[in-house]
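Visitor: Got a predicted model here, sequence first, then my questions.
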Amino acid sequence: MESDEIFSGKYTAVNSGSNAKLTLKSQDDIISGTIVLDGKLAKIKATRTDLSFSGILFDEYTNQGCAVKAIQEGKVLKLSIILPLSDQAIVFNFEKENSESPLSFKEEGEKNSMLVGTWRYTDVISSGSGEFYASIATDYFFEFNADGTVLTWTGKSGGGTRDVSLQSGEGQANKLGWYTTDKTIHFVDLTTKEESQATFYAESNRVMFSNGNNKRVYERIR
């Protein structure tokens with residue numbers, strides 16, 4: 001539908017000194033997307049009314065959200081982020097990027113060859129001490145392919161207490177697209193084309209992914 005294309009697309013902030021990026025998808029009256037501010041990613045869910053929308057901006061890493069609203073004024077999308085516990089707003093002016101010759105995610109950036117392979121991160125949660133001590137370990141995997149696709153899945157979890165043993169099965173793999181620009185990795189939803197980002201530092205046998213205060217070090221397994 002033509003009305004769905006009003007907001008759908010990628011935007012760049014035209015504010016002086018801002019490097020904010022915005023990606024939106026509009027379907028019927030529902031707006032979804034992501035915004036990257038100073039290298040940090042947040043998700044947007046909103047409801048559209050004619051040339052405006054309003055909803056929630058949510059940072060899944062800090063588990064915090066705030067109100068967001070936007071209105072299309074000519075070529076400019078004016079987006080306001082309402083600061084929590086106040087009526088103050090941060091306003092960004094976005095312009096849609098040229099989509100006359102859209103690039104697929106495979107062409108938008110290089111694939112850092114050091115990431116190609118299969119990687120595992122083990123998360124261990126423990127509590128208590130002595131006879132009350134309990135722990136559980138969960139493996140998380142990335143399999144980066146040279147063709148620009150990546151599989152991500154959760155492995156088996158195991159652990160328990162002194163008297164009880166717990167174990168869960170392996171999760172189903174999710175397939176995404178990926179590419180890199182400098183030290184930033186971009187993950188691309190193959191259906192919606194929405195992107196999320198993280199910074200990375202790669203060595204031959206380990207790689208660290210960072211997004212805000214969330215840091216994970218993966219080890220190469222092949």
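Guide: Structure received.
Visitor: what sits against the residue nearest the centre of the chain?
Guide: Central residue of the chain (C-alpha atoms, centre = their mean): S196, 2.9 Å from the mean position. Taking C-beta atoms under 8 Å, 6 or more residues apart in numbering, we find S196 in contact with T34, L41, H186, F187. The way it works is simple: take the backbone N, C-alpha and C, and place the C-beta from them, glycine included.
Visitor: Setting aside sequence neighbours, what's the nearest residue to the first one?
Guide: Meaning T34. Once flanking residues are discounted, T34 sits nearest to T23: 5.2 Å by C-beta to C-beta, 6 or more residues apart in numbering.
Visitor: Relative to G33, how far out is that neighbour?
Guide: Distance, T23 to G33, by C-beta to C-beta, to the nearest Å: 5 Å.
Visitor: how about the helices in the chain?
Guide: Listed in chain order, the helices of the chain (DSSP state H) span residues 105-108.
Visitor: any low-confidence regions in the protein?
Guide: 1-5, 16-17, 38-39, 60-62, 99-109, 127-134, 157-171 (pLDDT under 70).
Visitor: if we can go back for a sec, give the residues shared as contacts by T23 and G33.
Guide: E194.
Visitor: I'd like to know how many residues surround the residue nearest to Y140 when sequence neighbours are not counted.
Guide: The shortest distance from Y140 to any non-neighbouring residue, by C-beta to C-beta, 6+ apart, is to Y121 (4.6 Å). Per other C-beta atoms under 10 Å, the neighbour tally for Y121 reads 18.
Visitor: Enumerate every residue touching Y121.
Guide: So Y121 contacts D139, Y140, F141, R216, V217, Y218, E219 (C-beta under 8 Å, 6+ apart).
Visitor: My understanding was that the third one contacts R120; is that so?
Guide: Think F141. Yes - using C-beta atoms under 8 Å, F141 makes contact with R120 at a distance of 5.5 Å.
Visitor: Looking at the two, which one has more neighbours?
Guide: Neighbour totals were compared for F141 and R120, and F141 leads with 18 against 14 (other C-beta under 10 Å).
Visitor: Is that one bridged to anything, and to what?
Guide: In this entry, F141 is beta-bridged to R120, W153, by DSSP bridges.
Visitor: now it: how far from G117?
Guide: Taking C-beta to C-beta, one finds F141 at 11 Å from G117.
Visitor: now do L24
Guide: 33 Å.
Visitor: out of the two, which sits in the more crowded spot?
Guide: A count of neighbours by other C-beta under 10 Å puts L24 above the other of L24 and G117, at 25 against 18.
Visitor: and that one, what does it touch?
Guide: Counted by C-beta under 8 Å, 6+ apart, L24 has contacts F7, S8, G9, Y11, I31, S32, G33, I44.
Visitor: Tell me the one of those nearest Q172?
Guide: Set against Q172, the nearest of those by C-beta to C-beta is S32 (22.2 Å).
Visitor: Tell me, how many residues neighbour the closest one?
Guide: The tally of other residues near S32 (other C-beta under 10 Å) stands at 17.
Visitor: contacting residues for it?
Guide: Shown in contact with S32 (C-beta under 8 Å, 6+ apart): L24, K25, K43, I44, K45, A46, T192, E194.
Visitor: how much space between it and I221?
Guide: To I221, S32 is 34 Å away according to C-beta to C-beta.
Visitor: By neighbour count, which of the contacts of S32 wins?
Guide: Using other C-beta under 10 Å as the neighbour criterion, L24 leads the contacts of S32 with 25 neighbours.
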